[in-house]
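S.K.: Make a model of this:
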Amino acid sequence: GRKQGAGFREEEMRLLEDLAAQAAVALEHARLDVGMESACLETIAALALAVESRDPYARGHLSRVSDLAAHVARAMGLPDGDVLRLKDAARIYDVGKIGILEGVLSKPDPLSDEEKGMVRRYPEVSESMVRPFPSLDPLRDTIRHHREFLDGTGYPDGIRGDAVLLPARILGVVDIFDALLRDTPYRKALAIPDAERELRSMGEKIDQKVVDALMAVVRRPS
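M.R.: Next comes the predicted model:
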């Protein structure tokens, strides 16, 4: 058996991606059937929820991020089609965490370099699992780049500035915000004002106009 804390070898990661690609081809063929247009998205979303369930600290994360990201996008004036695509991307962007060893995401101790490498690769793996589906092409950029920072220090590609498109900026900020509001093995959940301070402290790494819109949405009377 695998030792706790040991990382996936490169060939094992390739196998995971190959299996995902084979499943993608089969599902894309299913699109020929009437009423199966959304089968690809729904199947990947179900897999993403299964991955989420491995982490007891992340329950409900995808649903909350999807809903909140859509509200922020509307507040920022994105067209309805872009809002819908962002909401769909937010349902499945974490699916690449299937390649992260059980226990790493909820590990209370500092991650090893190998474990950090696994975590930093998940947006790329998520995007690779969507790539075989032509109908999901509009989601790929947002999924791949939601962990990029405007100063180029993010991952997986280290892009910066305008290369990080607004839907990815929104998803990235909302993802961080929701994580700050929940308990983790190394930090208790923050109150909303403290979470906002954390986002503001990131300065130009993230789009502060997105933070403005996010806080307006969060504080809006229901």
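S.K.: from here on, contacts and neighbour counts on C-alpha atoms
M.R.: Fine.
S.K.: Next, Gly154: phi, psi?
M.R.: phi -90, psi -170 (degrees, to the nearest 10).
S.K.: and what of Glu148?
M.R.: Note on Glu148: backbone dihedrals following degrees, to the nearest 10 are phi -80, psi 150.
S.K.: what about it, neighbour count?
M.R.: The local packing of Glu148 (other CA atoms under 10 Å) involves 26 other residues.
S.K.: Tell me, what's the model's pLDDT at the closest residue to it other than its chain neighbours?
M.R.: Using CA to CA, 6 or more residues apart in numbering and skipping residues adjacent in sequence, the residue nearest Glu148 is Gly154, 3.9 Å away. Looking at Gly154, its pLDDT reads 96.
S.K.: Distance check, Gly154 against Asp141.
M.R.: Applying CA to CA, to the nearest Å, the value for Gly154 to Asp141 is 14 Å.
S.K.: How about Met202?
M.R.: For Met202 relative to Asp141 (CA to CA), the value is 23 Å.
S.K.: Please say which of those two ends up with more neighbours.
M.R.: The neighbour comparison of Met202 against Asp141 (other CA under 10 Å) goes to Asp141, with 16 against 12.
S.K.: For Glu198, see how far away the closest residue to that one other than its chain neighbours is.
M.R.: Residue nearest to Asp141 in three dimensions, not counting chain neighbours: Ala168, with 7.3 Å by CA to CA, 6+ apart. Distance, Ala168 to Glu198, by CA to CA: 19 Å.
S.K.: who's more crowded, those two?
M.R.: Taking neighbours as other CA under 10 Å, Ala168 and Glu198 compare with Ala168 leading, 25 against 15.
S.K.: Check whether the more buried one really touches Ile143, as I assumed.
M.R.: Yes. Between Ala168 and Ile143 there is a contact at 7.1 Å, judged by CA atoms under 8 Å.
S.K.: For the residue nearest to Asp141, list the residues it contacts.
M.R.: Going by CA atoms under 8 Å, 6 or more residues apart in numbering, Ala168 touches Asp141, Thr142, Ile143, His145, His146, Arg147.
S.K.: could you redo the last one with a cut-off of 7 Å?
M.R.: Thr142, His145, His146 (CA atoms under 7 Å, 6 or more residues apart in numbering).
S.K.: do Glu124 as well
M.R.: Arg144, Pro156.
S.K.: Quick check: it vs Asp109, distance?
M.R.: From Glu124 across to Asp109, the span is 25 Å (CA to CA).
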